[in-house]
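*Asks:* Predicted coordinates and the sequence they were generated for:
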Amino acid sequence: MIIVPEWHGQRLARDLDARAEEAKGLALAIGLDVVAIHRLRLRQTRAATLLGVGQIEAIVPDIAARGVQLVVVDASLTAIQQRNLETAFGTKVIDRTGLILEIFGERAATAEGRLQVELAHLDYQAGRLVRSWTHLERQRGGFGFLGGPGETQIEADRRMIRNRMARIRRSLEDARRTRQLQRTKRQRAPWPVIALVGYTNAGKSTFFNRLTGSDVMAEDMLFATLDPTMREIRLPGIDKAILSDTVGFVSDLPTELVAAFRATLEEVTTADLIVHVRDIVHPDTDAQYEDVRAILDSLGVNGPQDGEGADTASAIPQIEIWNKVDTANVDRRAAIEDMAARRSDVAIISAATGEGVEAARTLMASQLTARHQVQRIYLGYEQGDAAAWLHARGEVLADEAEGEGHVLTVRLDPADRARFERLWPANGPPSP
């Protein structure tokens, strides 16, 4: 059974039916059989149970009649609220955060992903240790007859959790350093990196498979992708680029998960282009857009937001891919096409059918080269690796001999020029 609380008098950005459907999708993602959904209006939040007494009394018979074994509350519950609801319902109760953590725990495939999920689980559980060890009471400490009281079992559990979390953080830090070394190697390589981001189930993996010819898991299911995947692709005018498929975002994403997966999401912060894939026909598409933007902002990725109010000088370029247009009716599709026609950073596609994918590829290529400027760079003849890097990363317009070396006239992105200066800081005297 799923309970979706509605707060009386509160204007919500999200459609309530869509909220209930998303909660159902989360439950189905780990194989739960949803037999009932209750939308309950709350006049106020009760510290003990969240729900009102009358609401609880009305739900209890339905739980018994349907044989419900698990109740999911689509909200954040405190440890006390969760325990009191379990007592009242006579069944297991989890909240939205717990449900998402269960999904991540079941889906994580790599060693790093499993560590990240375990860290998030421990962080979540650390604040929810309730006194269920009263039969043990306090362990006796010291020696003789006057030993100290020792520590309670709950204190021992907390200590074990803290120690385990510390070990996991050290392991994840090692993984982060390894990932940083891999990113440094990719920066030496002359290939732009494109990161796919978006709300969960927006169609990122289907789009990824269309572009790369891969068979990454792509299903009509929330959080089908957890572990990042990278593949090589070709774009118009760009011989090689690296495309990264990332974990989908979701509203009210647990802070424990954002912190645990930060090392993985760092791939987004170092990309040359961020492609935001949206389910444009979803009733909550605008709210989903804001949820994704909020998480990108928390990662320090501040791309242009409809062309205003953003730090565009230091931002990673971003474009939007409006997906699932094949599922829109005639009127809705006309409205979507009209909105897209007024913007230069949007492509309309159906990743399922392939419609519009070539236009999306062209848009991605144009965005990667949009900020390119003509540069004159002097290189010694012995710097063949630097010359090869410039040929692959930019467009070499001219190559003229000069002194003990040669001058390359290259159309290059300013970020690539800065990256080139870091990789080859002593690249000879500047050309006049």
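*Replies:* Noted; the coordinates are in hand.
*Asks:* When you work out contacts or count neighbours from here on, use the C-alpha atoms and nothing else.
*Replies:* Fine.
*Asks:* part of a helix, is residue 359?
*Replies:* Yes - applying DSSP: H, G, I helix; E, B strand; the rest coil, one finds residue 359 inside a helix.
*Asks:* Which residue is the nearest non-sequential neighbour of it?
*Replies:* Leaving aside its sequence neighbours, residue 359 sits nearest to residue 347 (CA to CA, 6 or more residues apart in numbering; 6.7 Å).
*Asks:* Hmm, residue 102 and residue 108 touching each other?
*Replies:* No - judged on CA atoms under 8 Å, residue 108 makes no contact with residue 102 at a distance of 10.3 Å.
*Asks:* returning to that earlier point: show me what the residue nearest to residue 359 is bridged to.
*Replies:* Applying DSSP bridges to residue 347 gives these bridge partners: residue 321.
*Asks:* Now do the helices in the stretch 151-300 of the chain.
*Replies:* With DSSP state H, counting those that start in this stretch, the ranges of helices along the stretch 151-300 of the chain come out as 153-188, 204-212, 255-260, 262-269, 285-298.
*Asks:* Do I have it right that the residue nearest to residue 359 meets residue 364?
*Replies:* No - using CA under 8 Å, residue 347 is not in contact with residue 364, being 9.3 Å away.
*Asks:* Same list (the helices of the stretch 151-300 of the chain) but as TSV, adding distance to residue 243, mean pLDDT and mean neighbour count.
*Replies:* Shown next, in TSV, are these (distance: least, CA to CA, whole Å; pLDDT from 0 to 100; neighbours: other CA atoms under 10 Å):
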stretch	distance to residue 243	mean pLDDT	mean neighbour count
helix 153-188	12	77	15
helix 204-212	8	89	22
helix 255-260	22	64	18
helix 262-269	11	68	19
helix 285-298	18	87	17
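*Asks:* Could you dump those helices into CSV with distance to residue 232 added?
*Replies:* Converted to CSV, those look like this (distance: least, CA to CA, whole Å):
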stretch, distance to residue 232
helix 153-188, 12
helix 204-212, 7
helix 255-260, 27
helix 262-269, 15
helix 285-298, 24
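*Asks:* Show me the one of those that comes nearest residue 319.
*Replies:* Residue 319 sits nearest to helix 285-298 of all the helices of the stretch 151-300 of the chain, at 12.4 Å, using CA to CA.
*Asks:* Output the contacting helices and strands for that closest one.
*Replies:* strand 193-198, strand 273-279 (3 or more CA pairs under 8 Å, 6 or more residues apart in numbering; DSSP states H and E).
*Asks:* Return the distance of it from the chain's centre.
*Replies:* Relative to its chain's centre, helix 285-298 lies at 10 Å (CA atoms, centre = their mean, to the nearest Å).
*Asks:* now do stretch 236-256
*Replies:* The answer for stretch 236-256 is 7 Å, by CA atoms, centre = their mean.
*Asks:* what do you get for stretch 277-286?
*Replies:* The chain centre lies 16 Å from the centre of stretch 277-286; the measure is CA atoms, centre = their mean.
*Asks:* Poorly predicted segments of this structure, please.
*Replies:* 8-14, 109, 127, 129-154, 182-190, 215-228, 253-264, 266-267, 302-314, 426-432 (pLDDT under 70).
*Asks:* care to break it down by domain?
*Replies:* 2-103, 112-170, 190-369, 373-423 (automatic domain parsing).
*Asks:* Let me know which of those is the nearest to residue 177.
*Replies:* domain 190-369 (9.3 Å).
*Asks:* wait, isn't residue 60 in contact with residue 86?
*Replies:* No - look at residue 60 against residue 86 with CA under 8 Å: they stay out of range, at 10.8 Å.
*Asks:* Can I get the domains of the chain in TSV including distance to residue 178?
*Replies:* As requested, the domains of the chain are exported to TSV (distance: least, CA to CA, whole Å):
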stretch	distance to residue 178
domain 2-103	25
domain 112-170	11
domain 190-369	10
domain 373-423	19
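*Asks:* Single out the most deeply packed of these.
*Replies:* Highest mean neighbour count of the domains of the chain: domain 190-369, a mean of 18 (counted as mean count of other CA atoms under 10 Å).
*Asks:* related to what we said a few turns ago, closest to residue 47 out of the helices of the stretch 151-300 of the chain?
*Replies:* Closest to residue 47 of those, according to CA to CA: helix 255-260, at 21.4 Å.
*Asks:* ok, residue 5 touching residue 40?
*Replies:* Yes - counting by CA under 8 Å, residue 40 is a contact partner of residue 5 at 4.9 Å.
*Asks:* Just give the closest residue to residue 238, not the sequence neighbours.
*Replies:* residue 365 is the one closest to residue 238 (CA to CA, 6+ apart), at 6.9 Å.
*Asks:* How about residues contacting the helix or strand where the one you found lies?
*Replies:* Using DSSP states H and E, residue 365 sits in helix 357-369. With CA atoms under 8 Å, 6 or more residues apart in numbering as the test, helix 357-369 has contacts from 192, 210-211, 235-238, 272-273, 317, 319, 321, 345-351, 412-413.
*Asks:* and it with helix 204-212, angle?
*Replies:* Per axes from the mean of the first three to the mean of the last three CA atoms, to 10 degrees, the angle that helix 357-369 makes with helix 204-212 is 90 degrees.
*Asks:* how about the CA coordinates for the helix or strand following helix 357-369, as PDB?
*Replies:* Counting by DSSP H and E, the next helix or strand C-terminal to helix 357-369 is strand 373-380. C-alpha atoms of strand 373-380 as PDB (Å, rounded to 0.1, in the frame of the first residue of the first chain):
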ATOM      1  CA  GLN A 373      38.000  31.000 -31.400                       C
ATOM      2  CA  VAL A 374      40.900  31.200 -33.900                       C
ATOM      3  CA  GLN A 375      44.200  30.800 -32.000                       C
ATOM      4  CA  ARG A 376      47.800  31.100 -33.200                       C
ATOM      5  CA  ILE A 377      50.000  28.600 -31.300                       C
ATOM      6  CA  TYR A 378      53.800  28.200 -31.700                       C
ATOM      7  CA  LEU A 379      55.200  24.700 -31.300                       C
ATOM      8  CA  GLY A 380      58.700  23.200 -31.600                       C
END
